[in-house]
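**Q** Here is a sequence with its predicted model. Questions after.
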Amino acid sequence: MAKFKLYDEEQNKSPIKQLWLSFKDNHIALVGLWLFLILAVLALLAPIISPYGINEQHGHALLLPPSWDDEGSVHFILGTDDLGRDMLSRLMNGATYTFGLSILAALITTIIGVFLGVLAGLTRGVRSSFLNHLLDVTLSIPSLLLAIIIVAILGPGLLNTVWAIILSLLPQYIHSVRNLVVQELNKDYITAQKLDGANKWQILTCGIFPNIYEQIVVIFTMSLSTAILDIAALGFLKLGAQPPTAEWGAILAQNLGLIYLAPWTVALPGILLFLAVLSTNLVGDGLRLALQKRRTV
């Protein structure tokens, strides 16, 4: 016998709850979300929970293999590098630099990109045409190459790397948000709001934003994966984090000469980079599929 429901809210769930219910049905995306959350917590708490200091050296344990190796030690679970530094501690703190700063860069890019994208979508005439052509020219340059150019101007360093990534991701963000705003402005419900006397602010907050915030979240996850790769790539090229900073790309560059003698010093940061990008892409793809499913229901 069907259960009688007095309130429509029991059947008609909120958009966010519908999105979550669709998202959690995708088990692969859910695994990616858990992995993403683990990396985020690690990036936040790494300086507190890491067993050793980032640059603390142990002269009696140079190039010690991971603990599961016959020559390894339980005191250094993931082994040590050529200076006797604990790999586990350095990789944990590397999550703060690579993953944490990528999230920060993506958030700043989102705030600036949404603001400028909305302005670009609402403008018309010469200003809109000039901005579109400028974006087209900028989008023809790969984000990593654009970040390298900006770092070459600002100078190497972790802070300059973050600003370079923000500036290199902004054109794509502005272009995507502008297209979303233009698409919504051409819909009938916006015309109805204008006929009712709504101003631009009311149209933006009550009409456009409630219908594009989900796509903005998807764009954020995609830009985050690009930011992770760009920070690591600039660190690997010695344009980003400088030694002895424990950034995953910088760790790869510092230990590249040990790939045959101590392969774990290169493999471990590479695996973490792979997992970080994979988890971010799985979450973004899961959100995209959940969004499509919710809109077709």
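**A** Now that the structure is in, tell me what you want to look at. Numbers count the residues shown, from 1 in each chain.
**Q** Next, work out how far apart L64 and G72 are.
**A** 6 Å (CB to CB, to the nearest Å). In short, each C-beta sits where N, CA and C put it, glycine included.
**Q** Have a look at the two and say which one is more surrounded.
**A** Using other CB atoms under 10 Å as the criterion, L64 and G72 rank with L64 on top: 23 against 18.
**Q** The more buried one reaches G79, doesn't it?
**A** Yes - the criterion here is CB atoms under 8 Å, and L64 meets it with G79 at 5.0 Å.
**Q** Overlap of the contact sets of those two?
**A** Counting by CB atoms under 8 Å, 6 or more residues apart in numbering, the shared contacts of L64 and G79 are G72.
**Q** can you tell me which helix in the protein is longest?
**A** helix 264-296 (DSSP state H).
**Q** elements contacting it?
**A** Packing partners of helix 264-296 (3 or more CB pairs under 8 Å, 6 or more residues apart in numbering; DSSP states H and E): helix 15-24, helix 27-49, helix 87-95, helix 209-236, helix 248-254.
**Q** can we see that at 10 Å?
**A** Secondary-structure packing of helix 264-296 (3 or more CB pairs under 10 Å, 6 or more residues apart in numbering; DSSP states H and E): helix 15-24, helix 27-49, helix 87-95, helix 101-122, helix 209-236, helix 248-254.
**Q** can you put those helices in CSV and add mean pLDDT, distance to V181 and mean neighbour count?
**A** Output for these, formatted as CSV (pLDDT from 0 to 100; distance: least, CB to CB, whole Å; neighbours: other CB atoms under 10 Å):
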stretch, mean pLDDT, distance to V181, mean neighbour count
helix 15-24, 78, 19, 15
helix 27-49, 91, 27, 16
helix 87-95, 92, 35, 25
helix 101-122, 89, 3, 20
helix 209-236, 88, 7, 22
helix 248-254, 91, 35, 26
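**Q** Would you mind giving those helices as CSV with distance to G286 added?
**A** Putting these into CSV (distance: least, CB to CB, whole Å) gives the following:
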stretch, distance to G286
helix 15-24, 5
helix 27-49, 2
helix 87-95, 22
helix 101-122, 17
helix 209-236, 9
helix 248-254, 24
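**Q** Among those helices, which comes closest to I150?
**A** helix 209-236 (10.0 Å; CB to CB).
**Q** Tell me the gap between the closest one and the middle of its chain.
**A** 4 Å (CA atoms, centre = their mean, to the nearest Å).
**Q** Check stretch 164-177 too.
**A** Put simply, stretch 164-177 sits 13 Å off its chain's centre (CA atoms, centre = their mean).
**Q** likewise stretch 122-142?
**A** 25 Å.
**Q** Buried ones in it, by neighbour count?
**A** L122, S128, L131, L135, T138 (16 or more other CB atoms under 10 Å).
**Q** doesn't I190 make contact with the first one?
**A** No - if you go by CB atoms under 10 Å, L122 and I190 don't touch, sitting 11.4 Å apart.
**Q** so what's L45 up against?
**A** Neighbour list for L45: M92, A95, T96 [criterion: CB atoms under 10 Å, 6 or more residues apart in numbering].
**Q** scratch that, R90 is what I was asking about
**A** 46, 50, 52-56, 78, 80-81, 244-248, 250-251, 254, 265, 268-269.
**Q** Filter the residues you listed down to the buried ones, PyMOL style.
**A** In PyMOL, this line selects whichever of these come out buried by 16+ other CB under 10 Å:
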select buried, resi 46+50+52+54+78+80+81+245+246+247+248+250+251+254+265+268+269
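**Q** the helices in the stretch 51-200 of the chain, which residues?
**A** 87-95, 101-122, 126-139, 143-154, 158-185, 188-195, 200-203 (DSSP state H, counting those that start in this stretch).
**Q** Would you format the ones you listed as CSV with distance to A233 included?
**A** Converted to CSV, the helices of the stretch 51-200 of the chain look like this (distance: least, CB to CB, whole Å):
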stretch, distance to A233
helix 87-95, 14
helix 101-122, 12
helix 126-139, 19
helix 143-154, 6
helix 158-185, 10
helix 188-195, 41
helix 200-203, 40
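**Q** which stretch among these comes nearest E214?
**A** helix 158-185 (10.2 Å).
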